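Chemist: sharing a model prediction with you, sequence too.
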Amino acid sequence: MASPIIIRLSGLPVGKGRPRFAKATGHAFTPGRTRSYESALRLAGQDVMGEAAPIDGPLAVSVVAVFPVPVSWPKKRRAAALSGDLWPTIMPDAAIC
């Protein structure tokens with residue numbers, strides 16, 4: 001098995017925005033926030049991969065998204081979140097426990 005490739009992107013995770021449609025033309029477009037995040041992720045991947053050849057064959061992908069604990073939460077709830085007993089319930093909502 002090949003060594004893992006780790007791509008780190010700092011900042012808050014951004015969920016994939018649903019396509020929007022222009023009224024005049026009916027063409028679909030991706031929201032700017034999503035395009036910006038995808039571009040940053042692509043550049044981070046290119047930095048990690050460098051001049052390596054594209055990967056050929058099946059892949060296994062694992063994504064770890066880290067969200068800050070809101071400062072407004074009570075101490076008990078913050079402690080539960082910091083210990084891993086309470087998961088985020090904000091968008092993007094693809095958390096798997």
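Modeler: Cool, got the structure.
Chemist: how far away is the nearest residue to P68 once chain neighbours are set aside from P88?
Modeler: Excluding the flanking residues, the one nearest P68 by CB to CB, 6 or more residues apart in numbering is L12, at 7.6 Å. (Each C-beta comes from the backbone N, C-alpha and C, glycine too.) From L12 across to P88, the span is 11 Å (CB to CB, to the nearest Å).
Chemist: give me the more crowded residue out of the two.
Modeler: P88 (16 against 10; other CB atoms under 10 Å).
Chemist: pretty sure that one sits in a strand.
Modeler: No: assigned with DSSP: H, G, I helix; E, B strand; the rest coil, P88 falls outside any strand and is coil.
Chemist: chain neighbours aside, what residue packs nearest to it?
Modeler: In space, P88 is closest to F67, 4.5 Å off (CB to CB, 6+ apart).
Chemist: same deal with Y37?
Modeler: Leaving out its chain neighbours, the residue that sits closest to Y37 by CB to CB, 6+ apart is V14, at 4.0 Å.
Chemist: what segments of the protein are strands?
Modeler: Under the criterion DSSP state E, the chain carries strands at the ranges 20-21, 28-29.
Chemist: outside of the first one, which residues touch it?
Modeler: Counting by CB atoms under 8 Å, 6 or more residues apart in numbering, the neighbours of strand 20-21 from elsewhere in the structure are H27, A28, F29, T30, P31.
Chemist: where's the third one relative to V14, distance?
Modeler: Counting by CB to CB, the separation of F29 from V14 is 17 Å.
Chemist: ok, those two, which is more surrounded?
Modeler: More crowded of F29 and V14, by other CB under 10 Å: V14, with 18 against 11.
Chemist: burial of the residue nearest to P88, as a residue count?
Modeler: 14.
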